[in-house]
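K.L.:
missing the sequence, but the structure's below:
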Ligand code: HEM
């Protein structure tokens, strides 16, 4: 038996060894890059001496299942997959190959590799589809949706949607309605607060806020999520429960053997199917209502005049480049993509502010100055909140909601000195933000590092919370705007406190808090 001291010593040595290997492999990579790789486009030239694909290090794993057992019986957990990646990078260096279930990924972390990957992904970047989602939609003979489409077909659907969702002017036109929803949300907190200042099941309230906000974008109408006394059997509550269950079960199906592809539908699949269908059917009702309204307006010749209402749907209808089945799937994708991502990020930001009161006070001063005479967030106030924006970025660094993305480059490339053949699946990670190899004092919440005056030089490819290149998150601008409005209004109204143990992240397709979001809301003097 080892004493506690000996155990500590052994683990220190192991940590030291891992770090040494990490540094050594980074040096080797730098040398190889300096010697051999000169081509900007990273196409392999004849003079290049690159290491073989087969030599990329990584856990060996078993036939068919790879290292799946590492995450089911240990030493890691599927719930902490993002943290396991840190250990893998320290063990194998900045690039490693791993098979988990049916998925084989080349994992990268270096900013230069991430940049190369996004630059080499072609005009229509390919990302492996979310297999269970694609499968169920094909099974039900539905459109597979934006996140799973590939190639020219993806580009055809994405183009008109992003014209609405990524154009700053369009996104800014949603400021008043998101502000209205958020005012109702802050009022509901005041109403729902218990005597001790905490709100029962606060997380659910945040989901309602996010669903209501994203509904205004997807359908151009208020869904009614902020109404009082929403019953557990209501469509709103069912949609929220379905969104969460859908992503949980999709994660489990993604990282296990895909039995459903062979017609074997286990319990997880059945739950996944139930959640997907519940969400789809309720969304379908709302979409039908919105489309009927637009058709009526069109008959009355008022479509142009009213096009601000239902603007995404009316724009898609007016473009006539998408089929009605394709148009109908867009709001479903947007609502599914925009609820748990934004709500979990909001909770992580609040947690960081609650546990870093100095930063919260500094932020309060900034918010107070832009909201001096009013409670309403406007375009102008959103342009004058650099510290708030830095707090959001710093939270993405410390608690990334989505731990990276994947690409399938359409030509051979070189990453970390290794040859990567075209069509290989490469996965980027955001966890560099948590590693001292990449950030000074990674466990300290320091929004200042993102301000222009900061002396810390950060390569933004180390932290791309919304992915990158032409296939980056289509909801990015909307999500950032919503989060800025929410946090500004919360901080204007309340001092947010946290009186519980630490909050960590559970790995989901969108990482989730591992404890209830029990914030205490203390009124601020107005
Ligand atoms: C903090 C909130 C959010 C985060 C962290 C986030 C993150 C991401 C990431 C990392 C991707 C993959 C991008 C890539 O492969 O380069 C993505 C894709 C996507 N996101 Fe978001 N997202 C957020 C909010 C939203 C919102 C609010 C919406 C909808 C309004 C949305 C809709 C989508 C869709 C539809 C895709 C697939 C796009 C495509 O493949 O063309 N997301 N998101």
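P.N.:
Done, it's in. Small disclaimer: the values here were computed from a predicted structure and weren't measured.
K.L.:
by mean pLDDT, flag the weakest helix or strand of this protein.
P.N.:
When the helices and strands of the chain are scored by mean pLDDT, DSSP states H and E, helix 4-36 comes last with a mean of 39.
K.L.:
which other residues reach stretch 296-305?
P.N.:
For stretch 296-305, contacts defined as Cβ atoms under 8 Å, 6 or more residues apart in numbering pick out 294, 306, 314, 317-318. Bear in mind the C-beta positions are built from the backbone N, C-alpha and C, glycine included.
K.L.:
within range of the ligand, give me the residues from this protein.
P.N.:
Residues of the chain lying close to the ligand by Cβ under 6 Å from any ligand atom are 127, 146-147, 158, 214, 217, 333-334, 337-338, 341-342, 345, 401-402, 405, 465-468, 471-475, 478-479.
K.L.:
mind checking which of these land in strands?
P.N.:
Among those, none falls in strands (DSSP state E).
K.L.:
show the buried residues in the residues you listed.
P.N.:
Listed as buried from these are 127, 146-147, 158, 214, 217, 333-334, 337-338, 341-342, 345, 401-402, 405, 465-468, 471-475, 478-479; burial here means 16 or more other Cβ atoms under 10 Å.
K.L.:
how about low-confidence regions in the chain?
P.N.:
1-48, 303-310 (pLDDT under 70).
K.L.:
spit out the contact partners of the residue nearest to the spatial centre of it.
P.N.:
The chain has residue 402 as the residue nearest its centroid, 3.6 Å off, counting by Cα atoms, centre = their mean. When contacts are counted by Cβ under 8 Å, 6+ apart, residue 402 touches 341, 430, 465-467, 509-511.
K.L.:
which residues of the stretch 101-250 of the chain fall in helices?
P.N.:
111-119, 131-139, 151-165, 168-172, 175-192, 202-219, 235-254 (DSSP state H, counting those that start in this stretch).
K.L.:
quick check: which of those helices is nearest to residue 453?
P.N.:
Among the helices of the stretch 101-250 of the chain, the nearest to residue 453 by Cβ to Cβ is helix 111-119 (21.9 Å).
K.L.:
please name every helix or strand in contact with the closest one.
P.N.:
Applying 3 or more Cβ pairs under 8 Å, 6 or more residues apart in numbering; DSSP states H and E, we find helix 111-119 packed against strand 413-415, strand 426-428.
K.L.:
contacting residues around the residue of the stretch 51-200 of the chain found nearest the ligand?
P.N.:
Nearest residue of the stretch 51-200 of the chain to the ligand (Cβ to the nearest ligand atom) works out as residue 147 at 4.1 Å. Contacts of residue 147 were listed using Cβ under 8 Å, 6+ apart, and they are 127, 129-130, 133, 333, 337.
K.L.:
and for residue 418, nearest residue in space, chain neighbours not counted?
P.N.:
Nearest residue to residue 418 in three dimensions, chain neighbours excluded: residue 51, at 4.8 Å (Cβ to Cβ, 6 or more residues apart in numbering).
K.L.:
that neighbour contacts residue 417, correct?
P.N.:
Yes - at 5.3 Å, residue 51 and residue 417 qualify as touching, with contact defined as Cβ atoms under 8 Å.
K.L.:
list the contacts for residue 181?
P.N.:
Per Cβ under 8 Å, 6+ apart, neighbours of residue 181: 209, 212-213, 216, 222, 226.
K.L.:
repeat the analysis, applying 10 Å as the threshold.
P.N.:
174, 208-213, 215-216, 222-223, 225-226, 482, 485-486 (Cβ atoms under 10 Å, 6 or more residues apart in numbering).
K.L.:
and those, which are buried?
P.N.:
174, 208-213, 215-216, 223, 225-226, 482, 485-486.
K.L.:
what is the burial count for residue 383?
P.N.:
9 (other Cβ atoms under 10 Å).
K.L.:
give me the phi and psi for it.
P.N.:
phi -90, psi 0 (degrees, to the nearest 10).
K.L.:
could you find the closest non-adjacent residue to residue 399?
P.N.:
residue 348 (4.0 Å).
K.L.:
in the stretch 251-400 of the chain, which spans are helices?
P.N.:
Secondary structure of the stretch 251-400 of the chain (DSSP H, counting those that start in this stretch): helices located at 267-299, 311-319, 324-338, 340-355, 357-370, 379-382, 386-398.
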